[in-house]
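Asks: The following comprises the amino acid sequence and a computationally predicted model.
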Amino acid sequence: MKKYFAESELIINSDGSIFHLHVKPENLADKIILVGDPGRVALVSSHFNTIENEVESREFHSVTGTYCGKRIMVTSTGIGCDNIDIVMNEIDALANIDFETRTEKENHRQLEIVRIGTCGGLQMHTQEGTFICSETSIGFDGLLNFYEGRNSVCNLTMERALLNHLGWTGNICAPAPYVIDADEELVKRIAQNDMVRGITVACGGFFGPQGRQLRIPLADPRQNEKVESFEFNGRCITNYEMESSALAGLAKLMGHKATTVCMVIANRRAGKANTGYKNHIDSLIRLVLDRI
């Protein structure tokens, strides 16, 4: 017997669109680009050859159109893994749940999802302007821990090594990191030979969780030092951002292909930042559009 999704679990608006995104099933493309900033949706869609649908709701701005013969939807998520949880569950529902019967469709529809964002570099070879494709993501946010099956898709050996390195084992106040690999084929196609393939830490905040201290002292003043010095099978952690782990983890559990690509706008080790990055990120957008 098919599972029925109650109105309280799958909220559908009166016009037939999904609750937060306000996107209808017929407007969902198989190829999806996610951006944090709602304003960046216009930058991505400015490259489209045609536009068939545009809708805005809160921080979620979606445009569906075509680029060089490919049907693509670009959607803004806002900041944070909690918003990725909303977006991923709603686009998966649009793809794989029949809104008329409120039951799962018989044939699974796989989506390709690439998040384009900005990040902070953590190594000397990830200076400002570097493009990083998150081959592996580490979640300091805890989101995937709420879903059954997280252990089956995560790298538990690397998780344990990181916990030991950070000294968080047995510390009930510390997050329970999860380690998830992005889709191998999609990483290869998007990163090619001109992006760093990195290990990305997705944090639950911009300041304390990323080792930034303003007026409140940090619980672990050496957190960044420990993160920067961690190595696993010859690989190091390359960057901080705030969404990649939830995207990679939920996509894997749902049966979709996903990865994150970011442009470094600040290097934590060098102590430098570039706030005038917005023009340069358009070159990253064009690369992703060509390769997705």
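Replies: That came through, no problem.
Asks: Counting neighbours, what do you get for residue 58?
Replies: Using other Cβ atoms under 10 Å, residue 58 has 13 other residues around it. To be clear about C-beta, it is placed using only N, CA and C from the backbone, and glycine gets the same treatment.
Asks: quick one, what contacts it?
Replies: Counting by Cβ atoms under 8 Å, 6 or more residues apart in numbering, residue 58 touches 20, 78.
Asks: same check, this time on residue 71
Replies: Shown in contact with residue 71 (Cβ under 8 Å, 6+ apart): 29, 30, 31, 64, 65.
Asks: hmm, try it at 10 Å
Replies: The contact partners of residue 71, by Cβ atoms under 10 Å, 6 or more residues apart in numbering, come to 28, 29, 30, 31, 48, 50, 52, 64, 65.
Asks: Redo those as TSV? Include secondary structure and distance to residue 123.
Replies: Output for those, formatted as TSV (DSSP: H, G, I helix; E, B strand; the rest coil; distance: Cβ to Cβ, whole Å):
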residue	secondary structure	distance to residue 123
28	coil	37
29	coil	35
30	coil	35
31	strand	31
48	coil	35
50	strand	41
52	strand	42
64	strand	37
65	strand	37
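Asks: Now the buried members of the residues you listed.
Replies: Among the contacts of residue 71, those buried by neighbour count (16 or more other Cβ atoms under 10 Å) are 28, 29, 30, 31, 48, 64, 65.
Asks: Could you export these as a markdown table, including distance to residue 202 and pLDDT?
Replies: Below are the buried ones among the contacts of residue 71 laid out as a markdown table (distance: Cβ to Cβ, whole Å; pLDDT from 0 to 100):
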| residue | distance to residue 202 | pLDDT |
| --- | --- | --- |
| 28 | 25 | 98 |
| 29 | 25 | 98 |
| 30 | 25 | 98 |
| 31 | 23 | 98 |
| 48 | 28 | 98 |
| 64 | 27 | 98 |
| 65 | 29 | 98 |
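Asks: any idea which of these is closest to residue 231?
Replies: Of all these, residue 231 sits closest to residue 31, with 34.7 Å by Cβ to Cβ.
Asks: Where does the prediction get shaky in this structure?
Replies: Counting by pLDDT under 70, the ranges of the chain that qualify are 172-173, 276-277, 279.
Asks: what does the domain assignment say about it?
Replies: The chain breaks down by automatic domain parsing into domains covering 1-109, 117-292.
Asks: what about the shortest one, how long is it end to end?
Replies: The separation between the terminal residues of domain 1-109, taken as Cα to Cα, to the nearest Å, is 20 Å.
Asks: Also the longest one?
Replies: Taking Cα to Cα, the span from the opening residue of domain 117-292 to its closing residue is 15 Å.
Asks: burial count for residue 237?
Replies: 22.
Asks: just residue 212 next, same as before
Replies: If we define neighbours as other Cβ under 10 Å, then residue 212 has 15 of them.
Asks: So it, which state does it fall into?
Replies: Put simply, residue 212 is coil when judged by DSSP: H, G, I helix; E, B strand; the rest coil.
Asks: my guess is residue 185 is in a helix, correct?
Replies: Yes - using three-state DSSP, the assignment for residue 185 is a helix.
Asks: Quick test: name the residue nearest the centre of this protein.
Replies: A centroid search over the chain (Cα atoms, centre = their mean) returns residue 244, at 3.3 Å, as the residue closest to the centre.
Asks: my read: that one touches residue 250, true?
Replies: No - under the criterion of Cβ atoms under 10 Å, residue 244 makes no contact with residue 250, lying 11.2 Å away.
Asks: Name the residues contacting each of the two.
Replies: Common neighbours of residue 244 and residue 250, counting by Cβ under 10 Å, 6+ apart, are 81, 84, 180, 258.
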